[in-house]
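Asks: Got a predicted structure plus its sequence, pasted below:
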Amino acid sequence: MKTNIVINPEYEYLKEFIHNLPLTFETQGDIIQKRRNIIKSINVDGLKLNIKLFRKPIFINRIVYSFFRKPKAYKAYYNALEVTKRGFHTPKAIAYIELKKARLLSLSYFISTQIENAREIREHYFSKANEDKELLAAFAQYTAELHNAGILHLDYSPGNILISENNNQYQFSLVDINRMQFKNVDINKGCENFCRLFEYDEAIEFMAPIYAKIRNLDSDICHQLMLKYKHQFEKKKERKKRMKLFLGKK
């Protein structure tokens, strides 16, 4: 098994722990999530780390990630560095590990700092403008600034945006950032980014003019596009749900 390890120079003192991680991961730490990928929280030298073990790719994807596309752990690491460089918050990138067998990617790990005292924005999925004005306004501003900085999170979903509060101000953090683009974010892509985040149209109606003003875009067009993409996403989600029921899947 060939191992490739890249460590952020700031965390070089964790070198021994990182190099041993593929051997110790199974028996260390507390499981935060165990679905497609496994995420654990581990304390090392007084620092709380977040370790993500990506699921072993199917055979064709092992070839793709070995020769044609960068693996998820690689992208998570370098995307985190770039997001931080552009002035936005995400868990600090510490290292990534790639294990290859017969030149093909087998397993990969992404190691970052752990964000404490934060909650997912999904807790506000059912927010209404008359209930959460401050939060919705802050989030619209944050997303506009994110897009102005050329950051487009391709999985901008309720579980991938964390909220914490400091001095009565909201701070948003991006997680699960291996699917991300750094480019000019046009009005269509920007407005589409809101499609999965809130249940009620009125939340979108409230945020649209705030987002448009910061980005110097037409407010009515932003409003129309946000609702268009939201409704398209909801219809697609409903079709998938009906198909699963038809096929007898949960």
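Replies: On my side now, so go ahead.

Asks: List the buried residues for the helix or strand bottoming out on mean pLDDT in the chain?
Replies: None of the helices or strands of the chain scores lower by mean pLDDT, DSSP states H and E than helix 59-67, at a mean of 88. For helix 59-67, the neighbour count (16 or more other C-beta atoms under 10 Å) marks 61, 62, 65, 66 as buried. To be clear about C-beta, it is placed using only N, CA and C from the backbone, and glycine gets the same treatment.

Asks: what's it in contact with?
Replies: Contact with helix 59-67 is made by 56, 57, 71, 72, 100, 103, 104, 105, 106, as judged by C-beta atoms under 8 Å, 6 or more residues apart in numbering.

Asks: Next secondary structure after it?
Replies: Counting by DSSP states H and E, the element after helix 59-67 in chain order, helix or strand, is helix 72-85.

Asks: got the angle between that next one and helix 59-67?
Replies: Comparing the axes of helix 72-85 and helix 59-67 via axes from the mean of the first three to the mean of the last three C-alpha atoms, to 10 degrees yields an angle of 50 degrees.

Asks: which helices and strands does the lengthiest helix in the chain pack with?
Replies: With secondary structure taken from DSSP state H, the chain has its longest helix at helix 219-247. Under the contact criterion of 3 or more C-beta pairs under 8 Å, 6 or more residues apart in numbering; DSSP states H and E, helix 219-247 touches helix 187-192, helix 201-215.

Asks: returning to what we had before: which of the buried residues of helix 59-67 lies closest to residue 14?
Replies: residue 65 (25.1 Å; C-beta to C-beta).

Asks: among the contacts of helix 59-67, which ones are buried?
Replies: When the contacts of helix 59-67 are checked for burial by 16+ other C-beta under 10 Å, the buried set is 57, 71, 72, 100, 105, 106.

Asks: Format those as CSV; extra columns: distance to residue 208 and pLDDT.
Replies: Output for the buried ones among the contacts of helix 59-67, formatted as CSV (distance: C-beta to C-beta, whole Å; pLDDT from 0 to 100):
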residue, distance to residue 208, pLDDT
57, 39, 88
71, 37, 93
72, 33, 95
100, 47, 93
105, 42, 92
106, 46, 93
